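**Student:** Output the structure for:
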Amino acid sequence: MAEADSDPVFDRETLLDITVNIVPMFILAFFLFLFLFFSPWPDDTFMGILGLGLTVIPLVLLGLLTWIAAHYVR
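**Tutor:** Now for the predicted structure:
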């Protein structure tokens, strides 16, 4: 049992299993970059906060889900 705990969390098999979560994380990060540097809305604070919130919250939650899934897949 001690050997299983010393293995890295993100080995090759685990990365293959959580790739379905990593790809959407890159897509959300790309849109976050776009919303931060190229705002599609005029200077409207509410729409800016709403757009960033709808991108950041799923990105954070998906990152947490991916981390938890990596531990359970292992």
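**Student:** three-state assignment of the nearest residue to residue 62 once chain neighbours are set aside?
**Tutor:** For residue 62, the nearest residue in space outside its immediate sequence neighbours is residue 25; the separation is 5.5 Å by Cβ to Cβ, 6 or more residues apart in numbering. Glycine gets a C-beta too; all of them are placed from N, C-alpha and C. Remark: residue 25 carries the secondary structure label helix [criterion: DSSP: H, G, I helix; E, B strand; the rest coil].
**Student:** same deal with residue 42?
**Tutor:** Each residue gets one of three states, and residue 42 gets coil by three-state DSSP.
**Student:** What is the burial count for it?
**Tutor:** When neighbours are defined as other Cβ atoms under 10 Å, residue 42 has 7 of them.
**Student:** still on that earlier bit, tally of neighbours for the residue nearest to residue 62?
**Tutor:** Other residues near residue 25 come to 17 when the count uses other Cβ under 10 Å.
**Student:** Where in this protein is the helix or strand with the lowest mean pLDDT?
**Tutor:** helix 2-6 (a mean of 55; mean pLDDT, DSSP states H and E).
**Student:** Remind me which helix or strand residue 54 belongs to.
**Tutor:** Using DSSP states H and E, residue 54 maps to helix 45-73.
**Student:** what sits against residue 11?
**Tutor:** When contacts are counted by Cβ atoms under 8 Å, 6 or more residues apart in numbering, residue 11 touches residue 74.
**Student:** Tell me how far it lies from residue 33.
**Tutor:** Applying Cβ to Cβ, to the nearest Å, the value for residue 11 to residue 33 is 29 Å.
**Student:** ok, now which ones touch the residue lying closest to residue 51 once chain neighbours are set aside?
**Tutor:** In space, and not counting its chain neighbours, residue 51 is closest to residue 35: 5.1 Å by Cβ to Cβ, 6+ apart. Contacts for residue 35 (Cβ under 8 Å, 6+ apart) come out as 48, 51-52, 55.
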